[in-house]
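**Q** Here is my input, please return the structure:
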Amino acid sequence: MSDPVKGANAAPSASSFWRSLKTVAWSFFGIRKQSEWQEDLAHVNPFHIVAAGIVGVLILVVGLIVLVNWVVAK
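**A** Here you go, the predicted model:
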C-alpha cells in the first residue's frame with residue numbers, strides 16, 4: 001500500500017545537493033517549466049547551486065577539451 005503522507009515526510013531530501021545538480025543541469029539546457037522552476041527556487045540551497053554550477057562548468061570544459069583532443073588526434 002502507498003503512504004499518502006509520504007510527501008510531507010520527505011522534506012529533508014528536498015533541499016539536497018542532488019536536486020541542486022538537477023536544477024543546474026536543466027539551466028544548462030535552457031528548458032524548464034515555469035512551475036518547476038519556481039518550485040526549485042523555493043527548495044534549493046543557494047550554496048548548493050553555486051557549487052553545482054562550478055561542478056557543471058568544470059565538467060563542460062573538461063568534456064570540450066577531451067572532445068577537441070580526440071578530434072584533432074584523428
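
**Q** Check which helix or strand Leu67 maps to.
**A** helix 46-73 (DSSP states H and E).

**Q** Show me what counts as buried in that helix.
**A** Using 16 or more other CB atoms under 10 Å as the test for burial, helix 46-73 gives His48, Ile49, Ala52, Gly53. Using the backbone N, CA and C atoms, a C-beta is placed for each residue, glycine as well.

**Q** Now do Val55, the pLDDT please.
**A** For Val55, the pLDDT comes out at 91.

**Q** Kindly report the same for Ala8.
**A** At Ala8, pLDDT is 46.

**Q** Repeat that for Trp70.
**A** At Trp70, the model reports a pLDDT of 95.

**Q** do the same with Ala42
**A** Looking at Ala42, the pLDDT reads 81.

**Q** Could you give the number of residues near it?
**A** Look at Ala42: counted by other CB atoms under 10 Å, it has 9 neighbours.

**Q** Only C-alpha atoms, please: export whatever helix or strand it lives in in PDB.
**A** Using DSSP H and E, the element containing Ala42 is helix 34-43. Taking C-alpha atoms only, helix 34-43 is exported to PDB below (Å, rounded to 0.1, in the frame of the first residue of the first chain):
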ATOM      1  CA  GLN A  34       7.800  27.800 -15.000                       C
ATOM      2  CA  SER A  35       6.100  25.900 -12.200                       C
ATOM      3  CA  GLU A  36       9.000  23.500 -11.700                       C
ATOM      4  CA  TRP A  37      11.500  26.400 -11.800                       C
ATOM      5  CA  GLN A  38       9.600  28.200  -9.100                       C
ATOM      6  CA  GLU A  39       9.400  25.000  -7.000                       C
ATOM      7  CA  ASP A  40      13.200  24.600  -7.400                       C
ATOM      8  CA  LEU A  41      13.800  28.100  -6.200                       C
ATOM      9  CA  ALA A  42      11.700  27.500  -3.100                       C
ATOM     10  CA  HIS A  43      13.600  24.300  -2.200                       C
END
